[in-house]
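Q: Sequence plus predicted model, see below.
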Amino acid sequence: MAEVEKLYISYNHVHKLCKGAAETIKAFKPDLMVAIGGGGFIPARILRTFLKSPGSKNIPIQAIGLTLYEEIVTPADDEAADKGTAEEEKLGMEVIRTQWLDFTTLESHALNLIGKNVLIVDEVDDTRTTLHYAVSELQKDVAVQAKKLGRENEKTRFFVFVLHNKDKPKRAELPVELMESGQYLAAETVPDIWIAYPWEATDIDLQTELAAKQGNI
């Protein structure tokens, strides 16, 4: 099978990317984070450490689950080997919710999104389809809840943070007002190759070694 080009990332590198982005994100003054699972969970938790101000409470983290990728595994037979095919990750076209916010519960708590600065965190901006879905659907849900509670005059602002933005044409876009106001931040922009994150590794020592060879330590 052909070797698939990968960019290996270490936990140390993820930590440093979050630390480097924290000062820019602090200017947004996020009230809470929404982490897109599963890649957004770890960066969100690391970010919370760097975003905490002395004497203040930790920023709450809410989680949503969205599925876009579909793994396609080519049979390891002689014909496949001759053609140089390999296991590949095929991009899905439809975003599927596997977990979402319970706005009914949030209505009665300080964790509701209405009138808040909301930081959305994910690991990678690939086709932008997932991020587009997350932002647009959260905006719709907040608008419904604000109308229901008579709080339409309270503006909810969104900020998107990703560890990596792939340098490629996107299938979807984020709101113009969000992009023009600087409320999108990618810690690094990388070529359109497979990014191997440490939380996907089965051998963390090998993962760290390969990441170090590529300077991602």
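A: Everything's here; your move.

Q: residue ranges with poor pLDDT in this protein?
A: Scanning the chain for pLDDT under 70 picks out 1-3, 69-93, 106-111.

Q: show me where it has helices.
A: Remark: helices assigned in the chain by DSSP state H are 11-26, 41-51, 78-83, 103-106, 129-148, 176-180, 204-213.

Q: Which of the ones you listed sits closest to residue 116?
A: Residue 116 lies closest to helix 129-148 among the helices of the chain, at 8.8 Å (Cβ to Cβ). For glycine as for every other residue, the C-beta is placed from the backbone atoms N, C-alpha and C.

Q: any idea how far residue 132 is from the residue nearest to the spatial centre of the chain?
A: Geometric centre of the chain, nearest residue: residue 122, 0.8 Å, by Cα atoms, centre = their mean. The gap separating residue 122 from residue 132 is 12 Å, by Cβ to Cβ, to the nearest Å.

Q: same deal with residue 200?
A: Note on residue 200: its distance to residue 132, by Cβ to Cβ, is 24 Å.

Q: Neighbour count for those two, which is higher?
A: residue 132 (19 against 12; other Cβ atoms under 10 Å).

Q: Enumerate every residue touching that one.
A: Counting by Cβ atoms under 8 Å, 6 or more residues apart in numbering, residue 132 touches 172, 173, 174.

Q: what's the burial count for the last one?
A: Which is residue 174. So residue 174, with other Cβ under 10 Å, has 20 neighbours.

Q: right, and it touches residue 159 too?
A: No: between residue 174 and residue 159 there is no contact under Cβ atoms under 8 Å: 10.7 Å.

Q: joint contacts of those two?
A: Counting by Cβ under 8 Å, 6+ apart, the residues touching both residue 174 and residue 159 are residue 184.

Q: count of residues packed around residue 161?
A: 27.

Q: so it touches residue 22, yeah?
A: No: using Cβ under 8 Å as the test, residue 161 is too far from residue 22 to be in contact (9.6 Å).

Q: got any residues that touch both of those two?
A: Joint contacts of residue 161 and residue 22 (Cβ under 8 Å, 6+ apart) are residue 47.

Q: ok, back up a step: what sits opposite the residue nearest to the centre of the chain in the beta ladder?
A: residue 162 (DSSP bridges).

Q: mind listing what the residue lying closest to residue 212 once chain neighbours are set aside touches?
A: In space, not counting the residues next to it along the chain, residue 212 is nearest to residue 10; the distance is 7.0 Å by Cβ to Cβ, 6 or more residues apart in numbering. Contacts for residue 10 (Cβ under 8 Å, 6+ apart) come out as 198, 207, 208, 211, 212, 216, 217.

Q: go with 6 Å
A: Residues counted as contacts of residue 10 (Cβ atoms under 6 Å, 6 or more residues apart in numbering) are 198, 208, 211, 216, 217.

Q: and those residues, which are buried?
A: 198, 208, 211, 216, 217 (16 or more other Cβ atoms under 10 Å).

Q: No further questions, thank you.
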